[in-house]
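Student: Whatever this is, show me its structure:
(2 chains)
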Amino acid sequence: MALLFYVVLCLSVWTGLCQIPVNNSPAINPSSLAAKLTSNSVILMPPSCYFDNLNILTCNSPTTCEIWLVTAIDTGVSNFDADKNKTYIDTLSPYPTAFSSNTSKKYFLTKLGLQKDYPCPVVAGTDYFRVGSDGSCSTPNCNGILPVGSTARFRYVLINPANKTVVAESLWSNNITLYPLKDPESIDNGFAGRSASMIVITSILCSFLALLLLLLLIMLIYVLCCREEKQEIQVPGSVRMYDTHNLKDPSPYVNRAYEDEPQRPTATSPIRLKSYTDYDLKKPATEL
Amino acid sequence: DRRTATMADGKGTTCLMVILILGNIFGAAAGLALCALAIWVAVDEYKLYPISGVSGKDDIFAGAWIAIFTGFAFFCMCVFGILAAAKKSRALMLTYLILMLIIYIFECASCITAVTHRDYLVGNSNLVKKQMLKYYAADGDSGSRITLTWNKVMKEVECCGTDGPVDWIEHNSTFREKFGTDYPWPTHCCKRKNNYEVVNLEACKNGQNTTMFTKGCFNHIESVFSRYTWAISWYGFAVLMFMFWLLILAMVYYLML
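Tutor: Numbering: from 1, shown residues only, chains lettered A, B, ... in the order given. Here you go, the predicted model:
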């Protein structure tokens, strides 16, 4: 029963009426690539073990069969499913016109390579496939970027290079939504918040400055009007700076001039000064 | 000698004079250190000035310039204060007090403005991110300065984007409008060999983390601006706290003269 089924299936493929389905579907590469999903490109798992172990009559060796990727957005899924039985499938919706208007087919095909380039198990170097690596290109089947922020579905297909018919196909992937680009003007760079240090510094400095100003003001007012005058002790006598030797050194004063006179002077023996010391000339009083 | 006497005399004034002189010596040293530190900030060895300059929030550097002059002024005034205290002259002490107060006000302004603008700039990563997205690879003077600064930072610090390479993917930018069909992020995000050649351009475009830098640059930018700000504002704050008590002592000394 199964054999009959397969025979029928192979016959159908040979006549180009249907394709062998493969029970895999493309998915975003799970490894830690930072750009696996951007606004206009996706990195998918490669079709490494998808199309092995198939008995295909028309395209029966890995060196001739080609693996292609179908990228479809919105109605492109149904458009491709309607077109997939036709020959020269790669010309039906070239990349430059695929997304250009509302009536375009919204799918395109791009070639990955020969089936032998994606062996099973996966070889390092072919463990990813980047959709959109050709940038904004213009050839019919280039690996061009997708419209920004679109939701796309992918499908790997095995193509017979002779007449470009789809020989085998994987399942459609899930909806993969690309990043919608955020406008940088929408970033709010206004109030970033006050850090604790700013509050401490500002408040303490302002209050100390105010305190200092206040204290200086009070001091100036005090000095200018409320301060008592300095008292100066007056020396008895009007002369301010006079060397008052008799107060400094109080002792009975002896006038040397009269030292040798034992008796009092009388009229008959008048006083004869022996010597006279002119104090005013020796230590002149410092006048005002 | 004069036969005059004042309110308080002898040992009290001398003790305060000695304290004041010592305090002024210390204050002179602190002021000179502030001047030197502010010169270091103004020189900007990390060359990150364009990030603050283009955004208009460059008062960290304005605070540094003010601090150069106030630091040197503190030094000069403290030397003058030593003289005024030793001479026990009222007029000189009053001059000292008033001039020190003026310098105090300017230094307060420097500290407060530096710390406030640091909060504007690097409080969160939004301002730096928006500036990067808008000006990187843009034409014009601002664009070229920002591009050069970011290239230098990405190369030296080994980082990409503000919070990470995802900034370039999530947001539209001048760079994306010019090169976005081919490059998800600038090639300066890619690791390079010693001869400046990119190790693996294709893998870098895919985002393989062994061939590109995956950490964000904001940590580095924030730490540099914080370092500058703490130098100006916290050290200035410390100097001002010291000067406050010195001035209180000087006022008491003036009242005793």
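
Student: could you check whether stretch A:42-53 is close to chain B?
Tutor: Yes - legend: contact between stretch A:42-53 and chain B by Cβ under 8 Å from any Cβ of the partner chain is shown at residue A:43. Bear in mind the C-beta positions are built from the backbone N, C-alpha and C, glycine included.

Student: Show me where the chain dips below the pLDDT cut-off.
Tutor: All of this refers to chain A. By pLDDT under 70, the weakly predicted segments of chain A are A:1-18, A:55-62, A:125, A:228-251, A:258-273, A:282-288.

Student: wrong one, chain B
Tutor: In chain B (pLDDT under 70), the answer is B:1-10.

Student: Residue A:155 belongs to a helix?
Tutor: No - assigned with DSSP: H, G, I helix; E, B strand; the rest coil, residue A:155 falls outside any helix and is strand.

Student: give me the beta-bridge partners of it?
Tutor: Residue A:155 forms beta bridges with residue A:70, as assigned by DSSP bridges.

Student: What number of residues are in the vicinity of it?
Tutor: Residues near residue A:155, counting by other Cβ atoms under 10 Å in any protein chain shown, number 25.

Student: now swap in residue B:203 and tell me
Tutor: Around residue B:203 there are 18 other residues, counting by other Cβ under 10 Å.

Student: That one and residue A:35: what is the separation?
Tutor: From residue B:203 over to residue A:35 the distance is 10 Å, taken as Cβ to Cβ, to the nearest Å.

Student: give the contact list for residue B:142.
Tutor: For residue B:142, the contact set (Cβ atoms under 8 Å, 6 or more residues apart in numbering or on different chains) comprises B:50, B:54, B:135.

Student: got a list of what residue A:39 touches?
Tutor: So residue A:39 contacts A:148, A:149, A:178, A:179, A:180, A:181, B:169, B:180 (Cβ under 8 Å, 6+ apart).

Student: quick one: which two of the residues you listed are the most distant?
Tutor: Of all pairs drawn from these, the one with the longest distance (Cβ to Cβ) is A:180 and B:180, at 13.8 Å.

Student: residue in the stretch 1-150 of chain B nearest to chain A?
Tutor: Closest residue of the stretch 1-150 of chain B to chain A, Cβ to the nearest Cβ: residue B:123 (2.8 Å).

Student: which non-adjacent residue is nearest that residue?
Tutor: Take residue B:123 and drop its neighbours on the chain: the residue closest to it by Cβ to Cβ, 6 or more residues apart in numbering or on different chains is residue A:192, 2.8 Å away.

Student: Tell me, how many residues neighbour the one you found?
Tutor: Around residue A:192 there are 17 other residues, counting by other Cβ under 10 Å.

Student: Next: residue B:171.
Tutor: Residues contacting residue B:171 under the criterion other Cβ under 10 Å number 24.

Student: Next, the residue nearest to the spatial centre of chain A: secondary structure please.
Tutor: In chain A, the residue lying closest to the centroid (Cα atoms, centre = their mean) is residue A:189, at 12.2 Å. Three-state assignment for residue A:189 (three-state DSSP): coil.

Student: wait, doesn't it sit right on residue B:126?
Tutor: Yes - if you go by Cβ atoms under 8 Å, residue A:189 and residue B:126 touch, sitting 4.3 Å apart.

Student: Tell me the residues on the stretch 1-150 of chain B that lie near chain A, please.
Tutor: Residues of the stretch 1-150 of chain B found near chain A (Cβ under 8 Å from any Cβ) are B:3-7, B:97-98, B:101, B:104-105, B:108, B:111-112, B:115-116, B:118-120, B:122-124, B:126-127, B:129-130, B:133-134.

Student: any chance you could map the strands in the chain?
Tutor: Because you didn't say which chain, this covers chain A. A:20-21, A:42-44, A:66-73, A:107-114, A:129-131, A:151-160, A:165-169, A:176-177 (DSSP state E).

Student: send the alpha carbons of the longest one over as PDB?
Tutor: In PDB, the C-alpha atoms belonging to strand A:151-160 read as follows (Å, rounded to 0.1, in the frame of the first residue of the first chain):
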ATOM      1  CA  THR A 151       6.000  39.400   8.700                       C
ATOM      2  CA  ALA A 152       7.400  36.700   6.400                       C
ATOM      3  CA  ARG A 153       7.200  33.000   5.900                       C
ATOM      4  CA  PHE A 154       9.900  30.900   4.400                       C
ATOM      5  CA  ARG A 155      10.100  27.600   2.500                       C
ATOM      6  CA  TYR A 156      13.000  25.600   1.200                       C
ATOM      7  CA  VAL A 157      12.300  24.000  -2.200                       C
ATOM      8  CA  LEU A 158      14.300  21.500  -4.300                       C
ATOM      9  CA  ILE A 159      14.400  22.700  -7.900                       C
ATOM     10  CA  ASN A 160      15.200  20.700 -11.100                       C
END
